[in-house]
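*Asks:* Here's a sequence, model it:
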Amino acid sequence: MNETAERTEATAGQARCNAPRARTVVSVAHDADEQARNLVGWRQTYDQLAAGRFVGTLTELPLDTMKVFRETTSHTLRQACEVRGDAWWFGIPVAREGEARIDAQPFGPQAFALRPGNVEFELLTPAQFSIYGVVVRGDVLRHYAAAVEHTALDERLAGSPVVKAGAARIERLCARLARCLDDGGEAHERAPDAPLSDLERHALQAQVLAALFDACAGSGDAVAEPASRRRWIVAQARDYVLAHRARPVGVPELCEQLHVSRRTLQYCFQDVLGMAPATYLRVLRLNGARRDLCARAAGSVQDVAAAWGFWHLSQFATDYRRMFGMRPSEALRAVATP
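*Replies:* Numbers count the residues shown, from 1 in each chain. Coordinates of the predicted model:
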């Protein structure tokens, strides 16, 4: 491939990665080279090392700043791989028998692999292999590390291409990535061909980044703030969310506003309220909506939901009923009944 064609393909791959999609895209290949070509944005060659008819599948969700995918391959492969541009690749194998190798180093169900862009590496994968992959733009990863995790990216990702995270962390990371692909593929709030909203894409990307850093984290990362400081952080988070009630404020935004790491924020909320910050933030807005419904502060359930940043009405109704034991429309009617 000449340089001009390569740049054109790389540009097309970047556009594909950045384009909002309604659902995950699934492709099936019956040739190892076809499988390698299906993953856009890479330079790679697949050599099939065992006899038999090859079958590979690729399920991918391109988002604004990352691509999430799951790849399955039927036969032992030697893969020469290189992610293009300023990006990082994370490869998380799905727990099965047999180990993969990256640059001759084994990684199994309790570890994952990672490599920066523009660095060629070799993967040796066994038969009936399945792996989750995440490719994240380098600038996004660096900003998230500094602003939300309060760590230098090199401190977490430098060194060996294999990170030993433990079975529990790998299981949680795989579950998060599976939900990400599921959320991109089916959402009962959207029509089948409707694109993911800006909010949905942003939330998925934040969840994936948090899961990746959790898998990289050491056991002593949480910061033990004094009790008064913990209460202050929780109070400031609550005030900020209420001041921006018309949209759902996420954990990364709170970390940037309060100048604390995500793990410190989690520690404070767990200690003060006994729950994760994301859970409390949603409950806080549900309680605000309940008060407005009971006070008839807006004309309809939809008005109240929008005022508290709930943009999907049926999901709001489901969450409200789960929280308070009745539908929001029933709460509104109860107030209207003399």
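*Asks:* Y240 and L254 touch, don't they?
*Replies:* Yes. Y240 is in contact with L254 according to C-beta atoms under 8 Å; the separation is 6.5 Å. C-beta here means a position set from N, CA and C on the backbone, and glycine is covered the same way.
*Asks:* can you list residues touching both of the two?
*Replies:* Shared contacts of Y240 and L254, defined by C-beta atoms under 8 Å, 6 or more residues apart in numbering, are absent.
*Asks:* which other helices and strands contact the helix or strand where S130 lies?
*Replies:* Assessed by DSSP states H and E, S130 sits inside strand 129-137. Judged by 3 or more C-beta pairs under 8 Å, 6 or more residues apart in numbering; DSSP states H and E, the packing partners of strand 129-137 are strand 66-73, strand 87-93, helix 167-185, helix 198-216.
*Asks:* what pairs with it, and is each one parallel or antiparallel?
*Replies:* strand 66-73 (antiparallel), strand 87-93 (antiparallel) (DSSP bridges).
*Asks:* Show me what stretch 254-268 is in contact with.
*Replies:* 147-151, 210, 213, 217, 221-225, 229-230, 233-234, 236-237, 240-241, 251-252, 276-277, 281.
*Asks:* Can I get the buried ones among those as something I can paste into PyMOL?
*Replies:* Selecting only the buried entries of these in PyMOL, with 16 or more other C-beta atoms under 10 Å as the criterion:
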select buried, resi 148+149+150+151+210+213+217+221+222+225+230+233+234+237+241+251+252+277+281
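*Asks:* Sort out which of the contacts of stretch 254-268 are in helices and list them.
*Replies:* Here DSSP state H is the test, and the contacts of stretch 254-268 give 147, 210, 213, 229-230, 233-234, 236-237, 240-241, 251-252, 277, 281 as lying in helices.
*Asks:* Contacts only, for the residue minimising distance to the centre of the chain.
*Replies:* With distances taken as C-alpha atoms, centre = their mean, V208 lies nearest the centre of the chain, 2.0 Å away. Contact partners of V208, counting by C-beta under 8 Å, 6+ apart, are 66, 68, 134, 136, 176-177, 180.
*Asks:* where does the stretch 201-338 of the chain dip in pLDDT?
*Replies:* Along the stretch 201-338 of the chain, the model assigns pLDDT under 70 to residues 218-224, 297-298, 335-338.
*Asks:* at 80 what do you get?
*Replies:* 217-225, 296-299, 333-338 (pLDDT under 80).
*Asks:* Just the CA trace of stretch 139-150, in PDB.
*Replies:* The C-alpha trace of stretch 139-150 is given here as PDB (Å, rounded to 0.1, in the frame of the first residue of the first chain):
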ATOM      1  CA  ASP A 139      -4.900  12.800  24.300                       C
ATOM      2  CA  VAL A 140      -8.100  11.600  25.800                       C
ATOM      3  CA  LEU A 141      -6.400   9.000  27.900                       C
ATOM      4  CA  ARG A 142      -3.800  11.500  29.200                       C
ATOM      5  CA  HIS A 143      -6.400  14.100  30.100                       C
ATOM      6  CA  TYR A 144      -8.500  11.500  31.900                       C
ATOM      7  CA  ALA A 145      -5.500  10.200  33.800                       C
ATOM      8  CA  ALA A 146      -4.600  13.700  35.000                       C
ATOM      9  CA  ALA A 147      -8.000  15.200  35.600                       C
ATOM     10  CA  VAL A 148     -10.000  12.300  36.900                       C
ATOM     11  CA  GLU A 149      -7.600   9.700  38.200                       C
ATOM     12  CA  HIS A 150      -4.900  12.200  39.300                       C
END
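*Asks:* No further queries at this time; thank you.
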